[in-house]
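> pasting the sequence and the predicted model now:
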Amino acid sequence: MANYYMRGGAFHRFRWLGSGKIPSQFDLRLSDWIFEEADEPSSECIAVAYVGEPSSAEWQAVLALPHDLRRFVMVIGSAAEQRRADLLKAGFGESVTDAIEYREFEARASRLAELTRWLPRHRRVGELELDLLAREAYGYGKPLNLNPREFALLWRLADQPGEPVSKQNLIQDVWRMGFVPETNSIAVHMSRLRRKLEFVGMSGVIATACAGGYCLRPPERRVGGASVFAPSGASSLQPVLATL
């Protein structure tokens, strides 16, 4: 039986997302990591994805990963700096070339495994504050009294404030479904969430994106009792990723 690999009090486990046998230069079992065949990427088990060429099926599978799982994934493959930078901007935990030496590869994997164990309890977007432990949000210091799904939607939008989040991504990340059902469930929950935000003086914080989906617009300050929003200026990375 493999021994647990312990660094700084953390047991390191990984899952291989590439096809075929794990190449020796990426086999973390050489450093006594625990290999998991079925675990989903998480703070307890990072994933290593070997994607090969940008047009490969492996690339498409990695790009289809839900946003909330990407930070637990280390992507190997592209030698192009811009492509690796795009993957990092899209939320992946690490992106390296397949020419990386094993010692550096293992060190980066260890760093990712350790960093993913630290999830901030509080997230602030302008005057909107989210408390992960309490599963509650506050606008200008006033509680919104959110139910669990409303909080999950708001937390997901706060992942990328100023950028649109598609309905497909919301279904994957919040409802944990792989397809958009023939219901108006998202619209109903968003309507309730907007009413609660409006009640604390944050009307217009959630905007409907032109291409579908929703966008969290960070309010900068109040002027005469009304929220003034920061200019968006940001666009979704999805069109960029589609060209990788």
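All right, it came through fine. Numbers count the residues shown, from 1 in each chain.

> use CA for all of it now, contacts and neighbours both
Noted.

> okay, now the unreliable bits of this structure?
Within the chain, the segments meeting pLDDT under 70 span 1-11, 119, 178-182, 219-244.

> flag every buried residue along the helix or strand encompassing residue 87.
Using DSSP states H and E, residue 87 sits in helix 81-89. For helix 81-89, the neighbour count (16 or more other Cα atoms under 10 Å) marks 83, 84, 86, 87, 88 as buried.

> now stretch 52-69
Buried-residue list, stretch 52-69, by 16+ other Cα under 10 Å: 52, 54, 58, 59, 62, 63, 65, 66, 67, 68, 69.

> cool, stretch 97-111 as well?
Neighbour-count burial for stretch 97-111 [16+ other Cα under 10 Å]: 97, 98, 102, 105, 106, 108, 109, 110.

> again with stretch 184-202
Using 16+ other Cα under 10 Å as the burial criterion, the residues of stretch 184-202 that qualify are 186, 190, 193, 194, 196, 197, 201, 202.

> same check on stretch 37-56?
Residues of stretch 37-56 classed as buried by neighbour count (16+ other Cα under 10 Å): 41-52, 54.

> ok, the residue nearest to residue 142 when sequence neighbours are not counted to residue 207 distance?
Of all residues not flanking residue 142 in the chain, residue 200 sits nearest, at 6.3 Å (Cα to Cα, 6 or more residues apart in numbering). Going from residue 200 to residue 207 by Cα to Cα, to the nearest Å gives 17 Å.

> could you do residue 103 as well?
46 Å.

> ok, residue 121 next?
25 Å.

> repeat that for residue 70.
25 Å.

> equivalent analysis for residue 133, please.
Taking Cα to Cα, one finds residue 133 at 26 Å from residue 207.

> and the two? Which one has more around it.
Taking neighbours as other Cα atoms under 10 Å, residue 133 and residue 207 compare with residue 207 leading, 15 against 9.

> can you pull up the bridge partners for the more buried one?
For residue 207, the beta-bridge partners are residue 215 (DSSP bridges).

> quick one: contacts for residue 108?
Contacts for residue 108 (Cα atoms under 8 Å, 6 or more residues apart in numbering) come out as residue 94.

> please tell me how far it sits from residue 44.
Applying Cα to Cα, the value for residue 108 to residue 44 is 16 Å.

> ranges for the helices of this protein?
Ranges of helices in the chain, per DSSP state H, are 57-63, 67-70, 81-89, 102-115, 148-157, 167-170, 185-199, 238-242.

> and the fourth one, how far out from the chain middle?
The chain centroid and the centroid of helix 102-115 are separated by 19 Å, computed with Cα atoms, centre = their mean, to the nearest Å.

> residues near residue 137, how many?
A count of neighbours around residue 137, defined by other Cα under 10 Å, yields 25.

> outline the domain layout of this structure.
The record's domain parsing of the chain by automatic domain parsing lists 6-115, 122-242.

> what's the offset of the longest one from the middle of its chain?
Which is domain 122-242. The answer for domain 122-242 is 14 Å, by Cα atoms, centre = their mean.

> please renumber the chain so that the first residue is 57 from this point on.
Understood, numbering begins at 57; the last thing we discussed is domain 178-298.

> residue 197: neighbour count?
Applying other Cα under 10 Å, we find 11 other residues in the vicinity of residue 197.
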